[in-house]
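> I would like to see how this sequence folds:
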Amino acid sequence: MTLGTARNTVGTRAGLLGPLALAGLAARARASGALDIAIGTPPGQPPRAAVTAAADAMLAGRNQYADPAGVPELRAAVAGRLLASSGVGVDPETEITITAGATEGLLVALLTVTDPGDEVVVVEPAFELYRGAVELAGCTRVPAPLDPSGWRLDPERIASVLTPRTAALIVNTPHNPTGRVFTAEELGGLLDLCERRGVTCVVDEVYADFVFDGGPHVSALGFPRHRPRVVVVGSLSKADEMSGWRLGYCVADPALTTALRHVHERTTFGAAVPLQHGAAVLARAGSGPEQFRNGRDEMVRRLAAMGFEVTTPEGGWFLLAGTRRLGLRSDALAEGLLVRAGVLVAPATPFFADTGEGQRWIRTTFVKDLATLTKALDAMESFLAEPDGGVWA
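Model prediction:
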């Protein structure tokens, strides 16, 4: 008697996932003691007031389940910070959901606004985590490249990849990895397109507190007409240097927030309660662009002098450096720098659907102390000056 073909132990969606490339790079850097200018780890520690408040919450017995939407004090604090940074008013009771980091926030957003089999357009180059989130939602990722001449967001280029199956679009501003901060014209044009085509726009704004040279951060929440089809995902990891606390949030209009919260209740049920109370005492960001401006400028200057194609980042923590003029593939260059120079940079292949395009770029971060940056850049310069160029051919 035949009972049929046995099912695979691992489901199809999980089977599509591989390890995150950046996580593997970080592990190699730790093991080798390399100078890490690839991974955007906050260089400091959470504000002492937040640590004290979190410890006090634990000692006071706030260690059990709380409202899955987030403790009211933290939702109110996030609303206040959004108003201060972007001039956007949101209702903490009906429009903000605290998540276990922006990573959960992004996945919750996709699970809320898509169905298996839908298409999700991803504006790229894109943070590698987006691909896995789309696959876990049972959707098909469709890349929509930025205009490479200055990494402009062109709605016409994006419109060309939309189909009747397109349910959502993911975009990130300030942008990882290019450092672009999209203008009101660019973002407004994208949101107009999404409204016309019935597409929900999921906007990752985790670097909203890091816009350089006095420029504004234009939030997708600042377009009231489009709010019914917008989910903004944010994080406290970067500005408050608490990436290990895993505190993020989703902001959406009340109807969409109701659905987001239903999904969130079934993913994590809620972020760590004592840590929420700790973060709630922070009325404003603990760090900002001035902390890293000198590092950005030094990295731009030094990489350009080495022959990389470099555009000065307008915001965020990263820089995308082109290797075309050097005649180098990014994966081989990254391997050579790690093994022979003791410097970790990220090949850009995880950020592009077309790995050939990714071979033309490396990603670096300037969110390090100047001494570490200088040492790493000196080692890169010496490596590139070697007669054999580093054995990457």
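> buried stuff in stretch 301-313?
302, 303, 306, 307, 308, 310, 311, 313 (16 or more other C-beta atoms under 10 Å). Where you see a C-beta, it was placed from the backbone N, CA and C, and this is true even at glycine.
> what's the closest of these to residue 207?
residue 313 (9.9 Å; C-beta to C-beta).
> please name the residues that touch the closest one.
For residue 313, the contacting residues are 174, 178, 179, 180, 212, 296, 300, 319, 366, by C-beta atoms under 8 Å, 6 or more residues apart in numbering.
> what does residue 283 give?
77, 80, 81.
> ok, residue 233 next?
So residue 233 contacts 102, 105, 106, 109, 202, 203, 204, 205, 206, 248, 249, 250 (C-beta under 8 Å, 6+ apart).
> that one - that's part of a strand, no?
Yes. With DSSP: H, G, I helix; E, B strand; the rest coil as the criterion, residue 233 is assigned to a strand.
> so what's it bridging to?
residue 204, residue 250 (DSSP bridges).
> my read is that residue 195 contacts residue 230, right?
No. Assessed by C-beta atoms under 8 Å, residue 195 is found out of contact with residue 230, at 9.6 Å.
> how is this protein divided into domains?
Domain assignment for the chain by automatic domain parsing gives 19-41+289-384, 48-279.
> thinking again about what came up before, what about residue 195 and residue 230, which has more around it?
residue 230 (21 against 17; other C-beta atoms under 10 Å).
> how about the contacts made by that one?
Here residue 230 is in contact with 191, 200, 201, 203, 220, 221, 223, 252, 253 (C-beta under 8 Å, 6+ apart).
> can you count the residues close to the last one?
Other residues near residue 253 come to 19 when the count uses other C-beta under 10 Å.
> next up, the contacts around it.
Here residue 253 is in contact with 95, 227, 228, 230 (C-beta under 8 Å, 6+ apart).
> could you find the closest non-adjacent residue to the third one?
Computed as C-beta to C-beta, 6 or more residues apart in numbering, the closest residue to residue 228 that is not its neighbour in sequence is residue 253, at 5.3 Å.
> got any ranges where the stretch 151-300 of the chain has weak pLDDT?
Applying pLDDT under 70 to the stretch 151-300 of the chain picks out no residues at all.
> how about the helices of it, start to end?
155-159, 184-197, 254-267, 273-279, 293-306 (DSSP state H, counting those that start in this stretch).
> give me phi/psi at residue 270?
phi 170, psi 150 (degrees, to the nearest 10).
> any figure for the gap between it and residue 366?
35 Å (C-beta to C-beta, to the nearest Å).
> which one's more surrounded, those two?
When residue 270 and residue 366 are compared for neighbours, residue 366 comes out ahead with 24 against 20, by other C-beta under 10 Å.
> show me what contacts the closest residue to the more buried one other than its chain neighbours?
Excluding the flanking residues, the one nearest residue 366 by C-beta to C-beta, 6+ apart is residue 295, at 4.0 Å. Contact partners of residue 295, counting by C-beta under 8 Å, 6+ apart, are 366, 367, 368, 369, 370, 373.
> format those as JSON lines; extra columns: pLDDT and secondary structure.
Below are the contacts of residue 295 laid out as JSON lines (pLDDT from 0 to 100; DSSP: H, G, I helix; E, B strand; the rest coil):
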{"residue": "366", "pLDDT": "97", "secondary structure": "coil"}
{"residue": "367", "pLDDT": "96", "secondary structure": "coil"}
{"residue": "368", "pLDDT": "93", "secondary structure": "coil"}
{"residue": "369", "pLDDT": "91", "secondary structure": "coil"}
{"residue": "370", "pLDDT": "92", "secondary structure": "helix"}
{"residue": "373", "pLDDT": "96", "secondary structure": "helix"}
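> farthest-separated two in those residues?
So, these by C-beta to C-beta: farthest apart are 367 and 370, at 11.3 Å.
> comparing those two, which residue is more hemmed in?
When neighbours are counted by other C-beta under 10 Å, residue 367 and residue 370 differ, and residue 367 comes out ahead with 23 against 12.
> so what's the residue count around the closest residue to the more buried one other than its chain neighbours?
Closest residue in space to residue 367, ignoring its immediate chain neighbours: residue 317 at 4.5 Å, by C-beta to C-beta, 6+ apart. When neighbours are defined as other C-beta under 10 Å, residue 317 has 26 of them.
> hmm, residue 206 and residue 317 touching each other?
No. Taking contacts as C-beta under 8 Å, residue 317 lies outside contact range of residue 206: 9.6 Å.
> what's the overlap in contacts for those two?
By C-beta under 8 Å, 6+ apart, the residues touching both residue 317 and residue 206 are residue 238.
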